[in-house]
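K.L.:
Fold the following for me, if possible:
(chains A and B)
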Amino acid sequence: VTARRPEQTTPIDPDLLALLRHEYDGAVARAGRDLEADALPVGGSRRSVWPRAAVAGAALALIAVLAGPTLQLASHVGSPQGPASSVPSVAATATQPAMATESLGPSQVPSTIDGQPVVLALDAVAEFRTSIDSSPVYVAGWLLAPDVLSCPAAGTVLTWNPCFAVHLFPNGTSGPWSLSIFRSASSTMLPDVGRGVALPMVLKVHTHDPSCPVSESCTLLPVLDGVAWDGTAQPLSAAVSSAPPSGLSESQAITAAIRSAPNRVGSTLTPGSAEAGPYALVGPGGSDVAGDRWVWAVVLSGQFYAPECGSATSTACPTTLTTELVVIDYVTGDFLIAESP
Amino acid sequence: MPRNIIGHLVLVGPRPIAGDIVEDARRDHPVGGNASPASIVTADDIASLAPELLAVARYLIRNDSEARDLAQAALEIGLRKRDQVRDPARLRAWLIAIETREAFRLRRRMARFVAFEPRVHELATGGQAHERSIIVREAIAGLSTRVRTAVVLHHLVGLTVEETAAAMSVEENTVKSQLRVGLSSLREALR
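P.N.:
This is a model prediction of the structure:
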């Protein structure tokens, strides 16, 4: 009997091996993060030692048993209706149960709904990026009055167009960043939010929506299931920070605004009004300035090139604009944005 | 529906948390417990490998709920039988072997049902490196089950061919053949 000769192990090139090892390290890190996220305690802050999560889990179970039907009311969108289920109305705020909360700016939101952790809008992106199925995710943020968006390229799949998405803001102000939550097949009606107010809410969303075409890169985009919780609307002024201790005076602000006004024709500019406040309240919408940044908004009269003219030295451009809103930083006077009516 | 190892948590929680098993084991079997006094592997030692077990489970079974159950089952078995481990340095290979055998068992059980295994397509949001990572992941996922298992255990986890063969209950030569096929497919996919 001849012994079978052992087969040689295939030599592997170092680049491929490094690639595989790198991929594996990433997978282990992702798994660690997921396990840590699963171990979210009642209080909302993440615990570093996830094996001790049983204590939090047991507390959660106890709260759920005690809260009973009330919890069901508050989390009515948590019922297993599948990812594209629609919830026709806003959650009843009058039935908010007494439960552990976490801070969302000046408001408090439940830290868990249906036994699942509520993720703040800022943290949700990482959550979506690592999601691998359509399990529900509860995202907390602020709903503001809809802004006018420029949507030049609607694309062929309208449901995945950010222009038609729900925008959830992280800190109760407009600003450079909002989480777009797409509607897909959901017909959920969101509450009307007036200008100047912000509504804290928790939305139930999912990724890996079945309507995402295989050819499109929408698998990891969040899709709206419904409103899981909504709080009390607050004036934006209550949701933003107070004025910095030292700032420009009104006259200093006007001088700085005149100096930095873009698109001006000639040198004569007359100040109209000057208003200080959080950008969300006094600045124009649709910019990338943080809503809670304190600014001076100064209206100047004079002659201005239209913004679309590009270079202010262009002689071919009509100069019909007579006012311009110039926004500068409240403390430094740095130019932030200008807008002509 | 996830397997309910800890029923009271499943009533309200998202999925049973693997760490709960460790806590339960500590409570039900305090020092000594099922493990002999000679046991040198602690529950913490086993719990510290949970991320790796989940990562491996996700390669072996592409459905996340089942992968979590699988990792949890491996942890549970590991805790129950930890007194069998004489060399702590081999704990990792031992647990992953347990998980691999459980994965094959699970697959056999699930084969009786019609399975819809949706493929996960990821959105490259983190630049070129992230995109590359997705391509690697998809390439691994594209391998057949046994070939993928061999590649994951040997080239990703770092088990020896001997350990890989033991985990998969096959001969070493079989593993070597599967590795050759797997690497060839990966090279092709990543070209």
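K.L.:
Now name the helix or strand holding A:Leu199.
P.N.:
According to DSSP states H and E, A:Leu199 maps onto strand A:197-206.
K.L.:
Who does that strand pair with, and is each partner parallel or antiparallel?
P.N.:
strand A:137-144 (antiparallel), strand A:223-230 (antiparallel), strand A:234-235 (antiparallel) (DSSP bridges).
K.L.:
what's the closest of those to B:Ala97?
P.N.:
strand A:137-144 (34.1 Å; CB to CB). (Glycine included, C-beta is placed from N, CA and C.)
K.L.:
Average pLDDT for the closest one, rounded please.
P.N.:
The average pLDDT within strand A:137-144 is 88.
K.L.:
Stretch A:26-40 too?
P.N.:
Mean predicted lDDT for stretch A:26-40 stands at 74.
K.L.:
Same question for stretch A:189-208.
P.N.:
82.
K.L.:
buried set for it?
P.N.:
By neighbour count on 16 or more other CB atoms under 10 Å in any protein chain shown, the buried set for stretch A:189-208 is A:190, A:193, A:197-208.
K.L.:
With stretch B:75-94 instead?
P.N.:
For stretch B:75-94, the neighbour count (16+ other CB under 10 Å) marks B:75-79, B:81-83, B:85, B:91-94 as buried.
K.L.:
Ok, stretch A:12-31 next?
P.N.:
A:Ile12, A:Leu19, A:Leu20, A:Glu23, A:Tyr24, A:Gly26, A:Ala27, A:Val28, A:Arg30, A:Ala31.
K.L.:
Then stretch A:111-128?
P.N.:
Neighbour-count burial for stretch A:111-128 flags A:111-121, A:124-125, A:127-128 (criterion: 16+ other CB under 10 Å).
K.L.:
pLDDT weak spots in chain B?
P.N.:
B:1-39, B:109-131 (pLDDT under 70).
K.L.:
tell me the helices in it, going along the chain?
P.N.:
Shown for chain B, the helices assigned by DSSP state H span residues B:7-10, B:18-28, B:43-47, B:50-60, B:64-80, B:91-110, B:127-141, B:145-151, B:161-168, B:172-190.
K.L.:
and if you look at chain A?
P.N.:
Remark: helices assigned in chain A by DSSP H are A:14-38, A:53-67, A:69-74, A:121-129, A:236-239, A:250-260, A:279-282.
K.L.:
hmm, back to that, among the buried residues of stretch A:189-208, which one lies nearest to chain B?
P.N.:
A:His208 (7.3 Å; CB to the nearest CB).
K.L.:
ok, now how distant is the nearest residue to the closest one once chain neighbours are set aside from A:Lys204?
P.N.:
Of all residues not flanking A:His208 in the chain, A:Ser134 sits nearest, at 4.3 Å (CB to CB, 6 or more residues apart in numbering or on different chains). Distance of A:Ser134 to A:Lys204, computed by CB to CB, to the nearest Å: 12 Å.
K.L.:
same thing with B:Lys176?
P.N.:
49 Å.
K.L.:
Repeat that for A:Val327.
P.N.:
37 Å.
K.L.:
Look at A:Val282 and say how many residues are nearby.
P.N.:
The local packing of A:Val282 (other CB atoms under 10 Å in any protein chain shown) involves 18 other residues.
K.L.:
Correct me if wrong: it contacts A:Val295.
P.N.:
Yes: under the criterion of CB atoms under 8 Å, A:Val282 makes contact with A:Val295 at 6.4 Å.
K.L.:
what is in contact with the two at once?
P.N.:
The contact sets of A:Val282 and A:Val295 overlap at A:Ala276, A:Val327 (CB atoms under 8 Å, 6 or more residues apart in numbering or on different chains).
K.L.:
and the stretch 101-250 of chain A, which of its residues are near chain B?
P.N.:
For the stretch 101-250 of chain A, the residues in contact with chain B (CB under 8 Å from any CB of the partner chain) are A:114-117, A:129, A:132-133, A:135, A:208, A:214, A:217-221.
K.L.:
Flag whichever of those residues scores worst on pLDDT.
P.N.:
Lowest confidence among those: A:Val214, with 61.
K.L.:
For B:Met168, give its distance to chain A.
P.N.:
15 Å (CB to the nearest CB, to the nearest Å).
K.L.:
count of residues packed around that residue?
P.N.:
Look at B:Met168: counted by other CB under 10 Å, it has 21 neighbours.
K.L.:
which ones are touching it?
P.N.:
By CB under 8 Å, 6+ apart, the contact set of B:Met168 is B:Thr100, B:Phe104, B:Arg146, B:Thr149, B:Ala150, B:Leu153, B:Thr174, B:Val175.
K.L.:
which non-adjacent residue is nearest the last one?
P.N.:
Taking CB to CB, 6+ apart as the measure, B:Val175 lies nearest to B:Ala165, with 4.6 Å between them; neighbours along the chain are not counted.
K.L.:
Over to the third one?
P.N.:
Beyond its immediate neighbours in the sequence, the residue positioned closest to B:Arg146 (CB to CB, 6+ apart) is B:Gln178, lying 5.9 Å away.
K.L.:
quick one: contacts for that neighbour?
P.N.:
Counting by CB under 8 Å, 6+ apart, B:Gln178 touches B:Arg146, B:Val147, B:Thr149, B:Ala150, B:Val151.
K.L.:
any idea which of these is closest to B:Val41?
P.N.:
B:Thr149 (24.5 Å).
K.L.:
Distance check, that closest one against B:Val56.
P.N.:
9 Å.
K.L.:
How about B:Asp83?
P.N.:
23 Å.
K.L.:
Could you do A:Val137 as well?
P.N.:
Distance from A:Val137 to B:Val56, counting by CB to CB: 25 Å.
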